[in-house]
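[1] Okay, predicted coordinates and the sequence, questions at the end:
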Amino acid sequence: MASIAQRPRGTQDLLPADQPYWAALEAAAKDVAERFGYQRIETPIFEATDLFVRGVGEATDIVSKEMFTFSDRGGRSLTLRPEGTAPIVRAYFDAGMQLQPQPVRLYYMGPYFRSERPQAGRFHEFHQFGIETIGDASPLLDVEAIVLGWNWFAGLEIAGATLHLNSIGDEVCRPAYRERLRDYYRPHLARLSEESRARFERNPLRLFDSKDPQDEALKRDAPRIVDHLCAPCAEAFRIVKEALAAEEIPFELNPNLVRGLDYYTRTVFEYQHESLGGAQNSLGGGGRYDGLAAALGYRSTPGVGFAMGMDRTAIVLKQSKPFTPAAPDVYAVALEAKDELYVFHLAATLRARRITVVFDPGPARLDAKLRKAARRGARLALLVGPEEREKNQVVIRDMQEKTQTSVAERDLLSTISQMLGGA
RNA sequence: GUGGCUUUAGCUCAGCUGGUUAGAGCAUCAGAUUGUGGAUCUGAGGGUCGAGGGUUCAAAUCCCUCAAGCCACCCCA
């Protein structure tokens, strides 16, 4: 156990037993995204630090205390990406995608990095599946994103996810609301928690994130932004709700849902799941970010998207149904050392015909070999002992049926194909 | 980043108020059965007791520091 190298804090090994779940997550993501006409994109694992400082926002938790930042040899500041949207928007403009028919629909999955205190479902290195729809402000694209995410869960046969929805307005109505919120809280400042007082100054909307019971009562009676949206924002929100209802996607209006990244405007949403437990109950979330492109110095361009936590979804998936690792078609065994090379070669010829073969080296008692074949889950065992070798035959045993036949070597492939095909 | 709990075999955990060679179940390997499997029985291997330091004749056990995990805060995926 004592070793010079220990797995770094907040990281995880995705072991063979985990892989079937991850394969399912990735396959379902690719399937649903492409069914909606999204195209895959992958951006670098690290980016210029400034991309996140300007994109995500200086005052956010992510930028102020959670980034893995380092310098390259030229002294440039780089950061392991803490989120996907700013890099995607950067890539959109770098590749000239604003010249393609709009909107441009993109999806991606990969590792992200945030230096928070690790917890179950919260890692320094975590994985997201995300989509971004850039170049069109239609609220139906907000709904498309939400439906796409919902369908991802459905494709994985995950039940019990809930959708939480809010609108946080735009640069027209939010500043006025922010002041109204400050006016509401100002007389109660002395009673607020210390953290909440800091939020009052920096970003009053984040006051809704507080779980401090002291702040709870104040939160309940606070003015709601959905009651103070400007006309275009209100209309967009109405369309979102109407379309979700038409698609029969149940949602819960949550006026306290504000989200911690600066770039969100109008629609924000989050998927939650009970079985994740109290604090880390968010499977994913997203929203519209019409101000992000301009904040990064590009031409103002609307966008909407989500990021799903693959690690957390894997946790839910494991609870909902067991996945077993793929089993080999054939488990190849020689009973005596002198026949090993022969069996090794038979295995190679089968693999050349797309059959999955595990070769078990070393002589051993037959029952031990069969035990290993069974534990490995093989469908067939290929057995060669002295008796077979003498007659130029091999034994093929159906591990499930517990039946076996001896066949001439030249009939090996056809027999195996037939037995695999028939089962 | 703050607080609480935890860390003993590959895994799940015993180990009382400090006392010689640290245990169990599961798993692994072998034998029982020198050519027929997931069961059973028998046996074996596997631990510097998270790391480092201290107290003591003696530390898995008491103290300190550090690390990691979990829970809550914070926040998000």
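    Structure's in. What do you need?
[2] ranges for the helices of the stretch 51-200 of chain A?
    A:61-65, A:85-94, A:139-155, A:174-185, A:194-202 (DSSP state H, counting those that start in this stretch).
[3] closest to A:Arg224 out of the ones you listed?
    Within the helices of the stretch 51-200 of chain A, the stretch nearest A:Arg224 is helix A:174-185; the backing value is 9.0 Å (CB to CB). Quick note: C-beta positions are derived from backbone N, CA and C, even for glycine.
[4] elements contacting the closest one?
    Contact partners of helix A:174-185 among helices and strands, from 3 or more CB pairs under 8 Å, 6 or more residues apart in numbering; DSSP states H and E: none.
[5] by how many degrees do it and helix A:194-202 diverge?
    Counting by axes from the mean of the first three to the mean of the last three CA atoms, to 10 degrees, helix A:174-185 lies at 140 degrees to helix A:194-202.
[6] and the residue in the stretch 151-300 of chain A positioned nearest to RNA strand B, helix, strand or coil?
    Per CB to the nearest atom of the strand, A:Gly260 is where the stretch 151-300 of chain A lies closest to RNA strand B, at 0.8 Å. Secondary structure assignment for A:Gly260 (DSSP: H, G, I helix; E, B strand; the rest coil): coil.
[7] Report the contact partners of it.
    By CB atoms under 8 Å, 6 or more residues apart in numbering, the residues touching A:Gly260 are A:Thr60, A:Asp61, A:Ile62, A:Arg206, A:Asp209.
[8] Just the buried ones from the residues you listed, in ChimeraX syntax?
    Applying 16 or more other CB atoms under 10 Å to the contacts of A:Gly260 leaves a buried subset, and the ChimeraX line that selects it is:
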select /A:60,61,62,206,209
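[9] Pick out the most distant pair among the contacts of A:Gly260.
    Spatially, the most separated pair among the contacts of A:Gly260 is A:Ile62 and A:Asp209, at 13.6 Å (CB to CB).
[10] so A:Pro223 sits right up against A:Tyr185, yeah?
    No - between A:Pro223 and A:Tyr185 there is no contact under CB atoms under 8 Å: 10.0 Å.
[11] Which of these two has more residues huddled nearby?
    Set A:Pro223 next to A:Tyr185 and count neighbours by other CB atoms under 10 Å: A:Tyr185 wins out with 22 against 14.
[12] In space, what's closest to that one - neighbours in sequence excluded?
    A:Phe200 (5.8 Å; CB to CB, 6 or more residues apart in numbering).
[13] burial count for that neighbour?
    Around A:Phe200 there are 18 other residues, counting by other CB under 10 Å.
[14] Report the contact partners of it.
    A:Arg182, A:Tyr185, A:Leu189, A:Leu192, A:Leu207.
[15] Just the buried ones from the residues you listed, in ChimeraX syntax?
    Command for ChimeraX that selects the buried part of those, burial taken from 16+ other CB under 10 Å:
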select /A:185,192,207
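[16] which one among the contacts of A:Phe200 gets closest to A:Arg238?
    Ranked by distance to A:Arg238 (CB to CB), the contacts of A:Phe200 are led by A:Leu207 at 25.9 Å.
[17] and the stretch 301-423 of chain A, which residues reach RNA strand B?
    The stretch 301-423 of chain A comes close to RNA strand B at residues A:307-309, A:311-312, A:335, A:364-368, A:370-375, A:377, A:383, A:385-388, A:395, A:397-402, A:404, as judged by CB under 7 Å from any atom of the strand.
[18] Buried only: go through those residues for me.
    A:307-309, A:311-312, A:335, A:370, A:372-373, A:383, A:385, A:388, A:395, A:397-399.
[19] Mind checking which of the residues you listed land in strands?
    A:Ala307, A:Met308, A:Gly309, A:Leu383, A:Val395, A:Arg397, A:Asp398 (DSSP state E).
[20] Max pairwise distance over those: which two?
    For those, the farthest-apart pair by CB to CB is A:Ala307 and A:Val395; their separation is 53.2 Å.
[21] OK, contacts around the residue most central in space within chain A?
    By CA atoms, centre = their mean, chain A has its centre lying nearest to A:Met310, at 2.7 Å. With contacts defined as CB under 8 Å, 6+ apart, A:Met310 is in contact with A:Trp22, A:Leu25, A:Met109, A:Phe126, A:His127, A:Gln128, A:Phe129.
[22] Compare these and tell me which has the most neighbours.
    Counting neighbours by other CB under 10 Å, A:Phe129 comes out on top of the contacts of A:Met310 with 25 neighbours.
[23] Which of the three states applies to A:Lys30?
    Here A:Lys30 is recorded as helix under three-state DSSP.
[24] Looks like it contacts A:Phe36 (just checking).
    No - if you go by CB under 8 Å, A:Lys30 and A:Phe36 don't touch, sitting 11.4 Å apart.
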